[in-house]
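1. pasting the structure only:
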């Protein structure tokens, strides 16, 4: 939410690992990463979308931008939408147009045009440097920081790198425990 612009930006990750649902329920714009979050709204009233049921039977899932509910949509991977309160073109019931910010096809094309030419040890060093810089940038805060651990290599690596860059203990909590 940008207070000055009075603009809401919803962004879905590049590969679509986490869904992002949105739509109007009466005069209220709802969004969430799960449909049950939308259904939790007291005035949520949506009908089943029969076309989405057809997609479910054909594909075994409902592809973006469709959802099981009429009037609600799933943001496609690598896209974002923006809603401005003062935007007179965006009215109740209308659907903002997703804007792509990343493309798998473009990433593959760039990768093929610039092939990886490092040795294994150079690649390890480059990855270590990138991870350290990224973690350092994310640790700039006025409040204590923490991390949720899934038990996987990625979250454990993040917490280990947090700890190497801080004199205070890194606070971590295992997900699901």
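-> That came through, no problem. Computed from a predicted structure; not experimentally measured.
2. May I see the buried residues of the helix or strand harbouring residue 55?
-> Residue 55 is part of helix 50-59, with elements assigned from DSSP states H and E. The neighbour-count check on helix 50-59 (16 or more other Cβ atoms under 10 Å) flags residue 52 as buried. (Each C-beta comes from the backbone N, C-alpha and C, glycine too.)
3. Check the offset of it from the chain's centre.
-> In terms of Cα atoms, centre = their mean, to the nearest Å, the centre of helix 50-59 is found 25 Å from the chain centre.
4. just stretch 71-91 next, same as before
-> Remark: stretch 71-91 is offset 15 Å from the chain centroid, using Cα atoms, centre = their mean.
5. and what of stretch 42-58?
-> Worked out by Cα atoms, centre = their mean, stretch 42-58 lies 23 Å from the chain centre.
6. The residue of the chain most remote from its centre and residue 4: what is the separation?
-> Relative to the centre of the chain, the most outlying C-alpha is that of residue 119, 32.6 Å out, by Cα atoms, centre = their mean. Counting by Cβ to Cβ, to the nearest Å, the gap from residue 119 to residue 4 is 48 Å.
7. Next, work out how far apart the residue nearest to residue 46 when sequence neighbours are not counted and residue 49 are.
-> Among residues not flanking residue 46 along the chain, residue 69 sits closest, at 3.8 Å (Cβ to Cβ, 6 or more residues apart in numbering). Distance, residue 69 to residue 49, by Cβ to Cβ: 6 Å.
8. The nearest residue to residue 78 once chain neighbours are set aside sits in which helix or strand?
-> Leaving aside its chain neighbours, residue 78 sits nearest to residue 102 (3.9 Å; criterion: Cβ to Cβ, 6+ apart). Assigned by DSSP H and E, residue 102 belongs to no helix or strand.
9. ok, the residue nearest to residue 46 to residue 48 distance?
-> Distance of residue 69 to residue 48, given as Cβ to Cβ: 7 Å.
10. Between the two, point out the one with more neighbours.
-> residue 69 (20 against 10; other Cβ atoms under 10 Å).
11. Give me the number of neighbouring residues for the residue nearest to residue 78.
-> If we define neighbours as other Cβ under 10 Å, then residue 102 has 14 of them.
12. where's it relative to residue 80, distance?
-> Residue 102 sits at a distance of 10 Å from residue 80 (criterion: Cβ to Cβ).
13. May I have the phi/psi pair for the residue nearest to residue 81 when sequence neighbours are not counted?
-> Nearest residue to residue 81 in three dimensions, chain neighbours excluded: residue 96, at 4.1 Å (Cβ to Cβ, 6+ apart). Residue 96 adopts backbone torsions of phi -70, psi 150, taken as degrees, to the nearest 10.
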